[in-house]
Each structure stands twice: as structure tokens, then as C-alpha cells.
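this one's structure only:
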């Protein structure tokens, strides 16, 4: 095989490496009644993600939305 056989894969990887990444968010599960983070074993339920809408949907899946909500906070000072 020659280098030309892998040129398409190389060009695709180079294109993805040059594209800027979306920001990272911390998505927290919040109890609406108390306004506090939901904790499991004393640890707040927080998900780090680049897609806060999908993370929120997953955290709220099979939960009563009258009792639970999510809060997405962009993280500052992240390397790009």
C-alpha cells in the first residue's frame, strides 16, 4: 500500500483537528423543592459534556420534571 491509499483518512483527521471544539459544560441535577444539588453518597450528580441538551435529557429521563431540573454552567479557562 502506498501513502495515497491513506490520504483520505489523513485529510479527514487533519480537518477534525483544525476545527474548534464547542465549550465544555457542567450539567447538575437540581432538586426543585430545595434548590440544592442531588447527591449520591454525598457527591453531587454532575456531568461534564459538550452537549448540555443531551446530558440534561439523560439526567431527567425517568424523573418527575415537577420535582427535578438541571443547570448547565459553562466551564471557564478550558484549553482549546
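Perfect, thanks for sending it. Note that the structure is a prediction, hence the values are computed from the model and not measured.

how close does residue 55 sit to residue 71?
Taking CB to CB, to the nearest Å as the measure, residue 55 falls 11 Å from residue 71. Where you see a C-beta, it was placed from the backbone N, CA and C, and this is true even at glycine.

Now for the two: what residues contact both?
Common contacts of residue 55 and residue 71 (CB atoms under 8 Å, 6 or more residues apart in numbering): residue 27.

neighbour count winner among those two?
Between residue 55 and residue 71, residue 55 has the larger neighbour count (other CB atoms under 10 Å), namely 21 against 15.

Touching, the more buried one and residue 45? I think so.
No: contact criterion CB atoms under 8 Å: residue 55 and residue 45 do not qualify, at 10.9 Å.

For the most centrally placed residue in the chain, list each beta-bridge partner.
Note on the chain: the residue nearest the mean C-alpha position is residue 49, at 1.2 Å, using CA atoms, centre = their mean. Going by DSSP bridges, residue 49 is paired in beta bridges with residue 25.

so who does it touch?
24, 25, 27, 55.

Quick check: the gap between the first one and residue 69.
Separation of residue 24 from residue 69 (CB to CB): 20 Å.

Check the second one too.
Taken as CB to CB, the spacing of residue 25 relative to residue 69 amounts to 15 Å.

between these two, which one's more packed in?
In this view residue 25 and residue 69 are compared by other CB under 10 Å, and residue 25 has more residues nearby, 20 against 16.

mind listing what that one touches?
Contacts of residue 25 by CB under 8 Å, 6+ apart are 48, 49, 50, 52, 55, 72, 73, 74, 75.

Would you mind giving these as CSV with pLDDT added?
Output for the contacts of residue 25, formatted as CSV (pLDDT from 0 to 100):
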residue, pLDDT
48, 95
49, 95
50, 94
52, 96
55, 96
72, 95
73, 94
74, 93
75, 92
